[in-house]
Each structure stands twice: as C-alpha cells, then as structure tokens.
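# What follows is a protein structure lacking sequence information:
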Ligand code: GDP
C-alpha cells in the first residue's frame, strides 16, 4: 500500500524539501495550501526542486479546524507533518496575536483534527531552537530548559508542549523536532542567510551597492534544510514518538556568515555591510548551539552539509537567479 503524507506549509522551504524526500520514497504527498481568491498556489520552491506537479493540493488553513477535519477525512494520511507557521521571528513583534493564532493555536487545531479523524496517523511538529532563547546551558539538548525571547518563540513553545501533551494524554504518535536554524537556496529573503547570500550576488553583479544589517554578533547553529527534513521523516519511523534536537553542533556569528558569503564572490564584506537599526530586535537571541547526540544515537541522523558548503550553494543559486532576472 502506498503511504500517504499530509504536509502543512508545503510551499515553504522545508515543505519543498520534505515533499521531494517523501516522493523519492514512494509516498503519495498531499499539501495544505492557503489559497486566496486571486492567486494560484505559490509553488516556486516546489518548482525549483521539480516536484510541483507531483503533489496533491488541498485548500485549508491552520486557523480553521473544520477545514482541517475535512482534509484529513478526505486524505486519510499515514503521516502528518505540521510545518506551517508564521515563521519569521522579527515579524512576530509586529503581529504577535496573528503569530499565536497560527503558530500556537494552529497546532491545537491540527492536533485536534488528527485526534478526531486519523488518530492512528503519525504526527510531526516543527518546533524551534528559538524556544531556548536566553540560553540556560551552553549547548542545548532536549533536557535544556526553555526561555523564549519573542512572540514567535512563545507560540512555538505552546505548540511543542501541546504535542508532548497529546502524546501523553491521548496516546498519539506525536513527535516534536526541535530544529536549529536550517537554510538553503529556498530560504525566504527575510532570513539573514538568504538576505546576505542574495546581497553578495547582487553586489557582485553590480545590481546593489551595500547591505544594511542588524546585529552582526548573534551566533546561530546553521544547517542545510535538505538534511533536516530527513530527521523529520526518521522521527515518524520510530516505534515510539519522542522529541529530538536537530542541529550541527557548530555555532557561527552573523559577521562570519557575511565574510564567507562575500568571499564566495571574491569580495570583502566590510566594504559593503553597514549597520541599520531597523534590523535590530527588541529582544535578541544571542547564541544558539545544539546538541543532537540523541538524534544521532536513536535516529542515526547527522548533519551532512557543512556551513561553508551551505553558503556556497546559496550564493551560487542567487547568482543564477539574479543573472536570469537581469537578462
Ligand atoms: P532566527 O534565528 O529565526 O531569528 O533567524 P534569522 O535568520 O531571521 O536571524 C538570525 C540572526 O541574525 C538573529 O540574531 C538576527 O538578529 C540576526 N540578524 C542580523 N542582521 C539581520 C538582518 O538584517 N535580518 C535578519 N533576519 N536577521 C539579522
């Protein structure tokens, strides 16, 4: 029997890589999409990976429980991956309540829908290293206490604990992946890695002159999204549901990201980067560094792509896109 997966957030970065992975494993892939009256499915990421025609799309929204129930009743998935969210930390200060409706309460809606319609389905919740915020230990593992520092992180914490609670209360096979920052050529332009690799490409091609940036001293544990979706899948193949940190175990400053991205096009970042208050945050997460030894032990998962490989792949992709757009 063909296994069926439903992915919320299928048009996002992780949704695209996860679709590609599941299709390669022979799954029937269904995606939940937020469609508006005037627009087609925004499937440019799925197109980039060449899988946009292989997915069955369903209209729906995490804030609409009855719609979720309808889709689950139709699809009857074996696995549900909840990747949809208002996922940009900075925007969560401008729209804290929208963020909690989608990123927190939305998890409640999809868990309820699964509990009511497909309680045998295995469930994955996209939790986030942002939940560690003001870090309580130098390396963060599943046992590290959380201290969220943004409305986004507060919302993700609700989703994380609700997932744990549905596992413990109702016996759902519900796992939470605490993923550290993961990037790729499909990352949105508002996130710092893609902002920097795209700017390096534009400056190299003479399409921009400088790059306004926020806090260059923050450090993150950055991996490749393609590697990280494999950990999501592996979690749902375990006999027991559980929570796992997914990270590289290496933390790198935003300043170093700038240096590496500009060096990839033979430029010195110091000649182009300028500080701009608009990109500073009301409360910052200074350092994140993940300990994913449990994932390695139990899932046999390890990050494959180095930071340098990741950034060079992203710069290359942005050069291609920016050249194409200018032609
Ligand atoms: P986050 O870890 O989910 O918030 O991922 P981001 O990629 O949005 O930000 C990572 C870090 O880069 C944060 O500490 C930001 O404060 C820092 N940063 C510095 N300048 C910028 C910028 O111009 N844009 C963004 N998005 N982040 C920046």
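Structure's in. What do you need? Just so you know, these numbers come straight off a predicted model, no measurement behind them. Numbering: from 1, shown residues only.
# And the helices in the stretch 201-327 of the chain?
225-236, 254-263, 293-299, 307-326 (DSSP state H, counting those that start in this stretch).
# The ligand contacts on the stretch 51-200 of the chain?
Contact residues (Cβ under 6 Å from any ligand atom) of the stretch 51-200 of the chain with the ligand: 89, 90, 130, 181, 190, 191, 192, 195. Backbone N, C-alpha and C define where each C-beta goes, glycine included.
# returning to what we had before: the ligand is nearest to which of the helices of the stretch 201-327 of the chain?
helix 254-263 (4.7 Å; Cβ to the nearest ligand atom).
# How about that closest one and the ligand, any contact?
Yes. Counting by Cβ under 6 Å from any ligand atom, the ligand is contacted by helix 254-263 at residue 254.
# and that helix with helix 307-326, angle?
60 degrees (axes from the mean of the first three to the mean of the last three Cα atoms, to 10 degrees).
# So which elements touch helix 254-263?
Applying 3 or more Cβ pairs under 8 Å, 6 or more residues apart in numbering; DSSP states H and E, we find helix 254-263 packed against helix 192-204, strand 211-213, helix 307-326.
# so which of the ones you listed is the most packed in?
Mean neighbours per residue, mean count of other Cβ atoms under 10 Å, is largest over those for helix 192-204, with a mean of 23.
# Give me the mean pLDDT for it.
Averaged over helix 192-204, pLDDT sits at 98.
# what's it in contact with?
181, 183, 185, 187-189, 208-211, 213-214, 222, 254, 257-258, 261-262, 264-267, 269, 272, 310-311, 314-315, 317-319, 321-322 (Cβ atoms under 8 Å, 6 or more residues apart in numbering).
# now that helix: how far from the chain's centre is it?
20 Å (Cα atoms, centre = their mean, to the nearest Å).
# and the gap between residue 241 and the ligand?
Using Cβ to the nearest ligand atom, to the nearest Å, residue 241 is found at 25 Å from the ligand.
# dump the residue contacts of that residue.
Residue 241 touches 122, 123, 167, 172, 173, 174, 175, 235, counting by Cβ under 8 Å, 6+ apart.
# Also residue 176?
124, 125, 127, 159, 160, 163, 164, 243, 244.
# Could you do residue 323 as well?
residue 205.
# From residue 64, how far out is it?
41 Å (Cβ to Cβ, to the nearest Å).
# Excluding chain neighbours, what is closest to the spatially most central residue of the chain?
Central residue of the chain (Cα atoms, centre = their mean): residue 14, 5.4 Å from the mean position. Closest residue to residue 14 apart from its sequence neighbours, by Cβ to Cβ, 6 or more residues apart in numbering: residue 83 at 5.0 Å.
# How about residue 205: what's its closest non-neighbour residue?
In space, and not counting its chain neighbours, residue 205 is closest to residue 322: 5.5 Å by Cβ to Cβ, 6+ apart.
# Test my guess that that neighbour contacts residue 207.
Yes. In this structure residue 322 lies within contact range of residue 207 using Cβ atoms under 8 Å: 6.2 Å.
# how about low-confidence regions in the stretch 1-150 of the chain?
Across the stretch 1-150 of the chain, the ranges flagged by pLDDT under 70 are 37-38.
# Okay, helices next: where are they in it?
Under DSSP H, counting those that start in this stretch, the stretch 1-150 of the chain gives helices at 13-24, 44-48, 65-75, 91-94, 96-99, 106-117.
# for the fifth one, which positions count as buried?
Counting neighbours by 16 or more other Cβ atoms under 10 Å, one finds that the buried residues in helix 96-99 are 96, 99.
# Can you tell me what sits against that helix?
So helix 96-99 is in contact with 86, 91, 92, 151, 152, 155, going by Cβ under 8 Å, 6+ apart.
# and those, which are buried?
86, 91, 92, 151, 152, 155.
# what about residue 25, how many neighbours?
If you count neighbours by other Cβ atoms under 10 Å, residue 25 ends up with 11.
# can you pull the contacts of it?
residue 233.
# Tell me the spacing between it and residue 11.
Distance from residue 25 to residue 11, by Cβ to Cβ: 20 Å.
# wait, what's in contact with the nearest residue to residue 139 once chain neighbours are set aside?
Excluding the flanking residues, the one nearest residue 139 by Cβ to Cβ, 6+ apart is residue 291, at 4.4 Å. By Cβ under 8 Å, 6+ apart, residue 291 lies in contact with 139, 140, 141, 245, 247, 249.
# neighbour-wise, which of those residues leads?
residue 247 leads these on contacts (other Cβ under 10 Å) with 30 neighbours.
# Can you give me the distance of the closest residue to it other than its chain neighbours to the ligand?
Spatial nearest neighbour of residue 247, excluding adjacent residues (Cβ to Cβ, 6+ apart): residue 290 at 2.3 Å. For residue 290, the distance to the ligand equals 12 Å [Cβ to the nearest ligand atom].
# re the thing from before, could you dump the helices of the stretch 201-327 of the chain into CSV and include distance to residue 135 and mean pLDDT?
Shown next, in CSV, are those (distance: least, Cβ to Cβ, whole Å; pLDDT from 0 to 100):
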stretch, distance to residue 135, mean pLDDT
helix 225-236, 20, 98
helix 254-263, 17, 98
helix 293-299, 17, 98
helix 307-326, 20, 97
